[in-house]
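Novice: this one's sequence-less:
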Ligand SMILES: CC(C)(COP(=O)(O)OP(=O)(O)OC[C@H]1O[C@@H](n2cnc3c(N)ncnc32)[C@H](O)[C@@H]1OP(=O)(O)O)[C@@H](O)C(=O)NCCC(=O)NCCS
């Protein structure tokens, strides 16, 4: 087991697999990322009920691909993802608060180029937790995993131009706006323009050093 220190407030405990190429939870090959308030782990079938409530809320679903409409649909979805195991081209994470095991959001990383060198991420969080810092912490844990464990060099994200909150959240974690993809996302029968954002590994590492240097020093 290796502990990776990000900031004084946030630490991630990464359980390495024997192959050393990934991390694992007790149910199989998957990272478990533990921060000061948030744990990010594999999706479990038991997450279906809470995710079905949180992710189908209109304010959450407004700018994302339509989630399954029912608990059973979520269960089937999670089962399909679990069956893909280590061959999966997408890594799915459930966001939970430390001390609870209830999934309050998801983050996914999808491979676009071999070995995840170029990948795309997406995320959604229960609206009761918007503005609380939960997303920022979960995103930082997953970004650290993506760039330092998974080997991502460039991580893309697409956010609908009209999704000001999603776009701002991306900028807060260091994503840079690159351009507008016209009529790129079909939502509720209408094509929406999307903004392409990216984070590259060098920038992530540089911003991590900046954040570390900005931390107040401890005076004994
Ligand atoms: C995207 C999401 C995970 C972000 O989590 P969050 O807790 O809302 O994020 P934060 O509150 O840390 O950051 C959002 C920022 O957007 C700002 N914001 C809110 N509405 C905004 C708007 N209409 N235009 C621009 N910025 C806006 C907030 O003020 C905040 O910035 P600040 O911290 O500088 O004040 C969450 O909002 C969500 O699940 N949205 C629905 C799903 C979704 O859109 N997914 C993203 C697809 S790209």
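Specialist: That came through, no problem. If you're wondering where the values come from, they're calculated on a predicted model, not measured in any experiment.

Novice: and the strand or helix carrying residue 140, how far from the chain's centre?
Specialist: Element membership of residue 140, judged by DSSP states H and E, is helix 134-145. Computed by CA atoms, centre = their mean, to the nearest Å, the chain-centroid distance of helix 134-145 equals 7 Å.

Novice: packing partners for it?
Specialist: For helix 134-145, the packing partners by 3 or more CB pairs under 8 Å, 6 or more residues apart in numbering; DSSP states H and E come out as strand 11-14, strand 33-34, strand 38-41, strand 90-97, strand 105-111, strand 118-125, helix 164-172. Placement of C-beta: from N, CA and C, glycine included.

Novice: which positions within stretch 203-220 qualify as buried?
Specialist: The neighbour-count check on stretch 203-220 (16 or more other CB atoms under 10 Å) flags 204, 208 as buried.

Novice: pLDDT of that stretch, averaged?
Specialist: For stretch 203-220, mean pLDDT rounds to 77.

Novice: kindly report the same for stretch 54-63.
Specialist: The model assigns stretch 54-63 a mean pLDDT of 97.

Novice: contacts only, for residue 122.
Specialist: With contact taken as CB atoms under 8 Å, 6 or more residues apart in numbering, residue 122 is in contact with 64, 107, 108, 110, 157, 158.

Novice: repeat that for residue 152.
Specialist: Per CB under 8 Å, 6+ apart, neighbours of residue 152: 109, 116, 117, 118, 119, 146, 201.

Novice: separation between the fourth one and residue 169?
Specialist: Distance check for residue 118 against residue 169: by CB to CB, to the nearest Å, it reads 21 Å.

Novice: those two: which is more packed in?
Specialist: Remark: of residue 118 and residue 169, residue 169 carries more neighbours, 20 against 16, as counted by other CB atoms under 10 Å.

Novice: what sits against the closest residue to the more buried one other than its chain neighbours?
Specialist: Nearest residue to residue 169, sequence neighbours excluded (CB to CB, 6 or more residues apart in numbering): residue 135, at 6.1 Å. Residues in contact with residue 135 (CB under 8 Å, 6+ apart) are 95, 105, 123, 125, 129, 169.

Novice: my read: the first one touches residue 38, true?
Specialist: Yes. When contacts are counted by CB atoms under 8 Å, residue 95 is listed as touching residue 38 (6.3 Å).

Novice: give me the residue from the protein nearest the ligand.
Specialist: residue 164 (2.3 Å; CB to the nearest ligand atom).

Novice: so which residues on this protein come close to the ligand?
Specialist: Counting by CB under 6 Å from any ligand atom, the residues of the chain close to the ligand are 60, 63-64, 122-125, 130-131, 135-136, 157, 159, 163-166, 168-169, 172.

Novice: among those, which ones are buried?
Specialist: For these, buried by 16+ other CB under 10 Å: 60, 63-64, 122-125, 135-136, 157, 159, 163, 166, 169.
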